[in-house]
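Asker: Following is a predicted model, sequence given first.
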Amino acid sequence: MISQLVFIEKTLTPKKYLGKLHCHDSDCFLMRRRELSSKNGNKFHPLANVVKFYSGLIGLRGKDSIVISEKPSDFVENKYGKLIPSGRYLQRYKVTFNGEYIRRDKKLYKSGYDEKKYLSPKIFLNQTGDSLKACYDNEGYFCLNNMHIGYSVDPIYDLRFVNAILCSKLMNFYYHAISLEFGRAMA
């Protein structure tokens with residue numbers, strides 16, 4: 001199975017394949033998209049069997065009630081958490097911290113606050129954009145609801161491996177084929 005993936009990635013780049021799919025009849029593209037997803041979809045474990053994703057933090061009184069734009073003077077590790085405010089701060093394998101923090105108090109949040117999941121190794125995944133952007137985090141960063149957080153449901157799979165798959169050209173190619181969001185920046 002892995003050798004087939006490598007073969008596909010080396011011989012049939014996304015650009016070439018999408019070029020072959022392009023025809024003036026949208027039905028042609030949809031047929032090929034279904035063909036692609038049905039051919040590959042049954043050879044792999046569903047991602048949901050390996051990682052569960054959920055949305056980031058939503059404050060009861062909005063973003064401003066939970067985000068602190070600079071390191072608090074009374075900073076204590078268990079009182080504040082480092083925040084990744086958007087997918088803009090995600091790179092393929094690296095999180096860029098911009099100096100914002102959140103308050104670690106469950107009462108301030110409407111949803112998305114599960115401290116154990118944030119403090120455990122996880123994957124951040126952008127929510128908007130025409131391509132997948134994933135990043136493994138084991139430093140305990142928090143994020144807002146404009147990103148997804150993935151946590152392991154099967155310890156047999158290393159999240160760094162899952163992250164590498166999500167960041168691959170093949171996975172982005174597949175995502176473009178099934179989502180039809182390629183070229184739409186705020187998709």
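Answerer: Sure, I can see it. Residues are numbered from 1 along each chain as shown.
Asker: Could you tell me whether Lys52 really is in a helix?
Answerer: No - per DSSP: H, G, I helix; E, B strand; the rest coil, Lys52 lies outside any helix segment and is strand.
Asker: Just give me the neighbour total for the residue lying closest to it once chain neighbours are set aside.
Answerer: Excluding its sequence neighbours, the residue lying closest to Lys52 (Cβ to Cβ, 6 or more residues apart in numbering) is Val153, at 5.2 Å. Bear in mind the C-beta positions are built from the backbone N, C-alpha and C, glycine included. As a burial measure, Val153 scores 11 neighbours (other Cβ atoms under 10 Å).
Asker: State the distance from Cys143 to Pro46.
Answerer: Using Cβ to Cβ, to the nearest Å, Cys143 is found at 24 Å from Pro46.
Asker: For the chain, give me the ranges with low pLDDT.
Answerer: 1-45, 180-187 (pLDDT under 70).
Asker: Could you rerun that using 90?
Answerer: 1-51, 54, 62-65, 70-78, 86-96, 126-133, 153-157, 161-162, 165-187 (pLDDT under 90).
Asker: Let me see the ranges of the helices in it.
Answerer: 2-11, 14-21, 26-41, 115-119, 159-166, 169-179 (DSSP state H).
Asker: Looking at Cys143 and Pro46, which is more packed in?
Answerer: In terms of neighbours (other Cβ under 10 Å), Cys143 is the more surrounded of Cys143 and Pro46; the figures are 29 against 7.
Asker: Next up, the contacts around that one.
Answerer: 56-57, 83-85, 124, 149 (Cβ atoms under 8 Å, 6 or more residues apart in numbering).
Asker: got the contact list for the spatially most central residue of the chain?
Answerer: The residue lying closest to the centre of the chain (Cα atoms, centre = their mean) is Leu125, at 1.5 Å. Counting by Cβ under 8 Å, 6+ apart, Leu125 makes contact with 53, 132-134, 147-150, 166.
Asker: Please apply the same query to Gln91.
Answerer: Neighbour list for Gln91: 133, 135 [criterion: Cβ under 8 Å, 6+ apart].
Asker: Sort out which residues of stretch 126-143 are buried, please.
Answerer: For stretch 126-143, a neighbour-count test (16 or more other Cβ atoms under 10 Å) marks 126-127, 130-137, 141-143 as buried.
Asker: Go through those and name the one nearest Asn98.
Answerer: Using Cβ to Cβ, Tyr141 comes nearest to Asn98 of those, at 10.9 Å.
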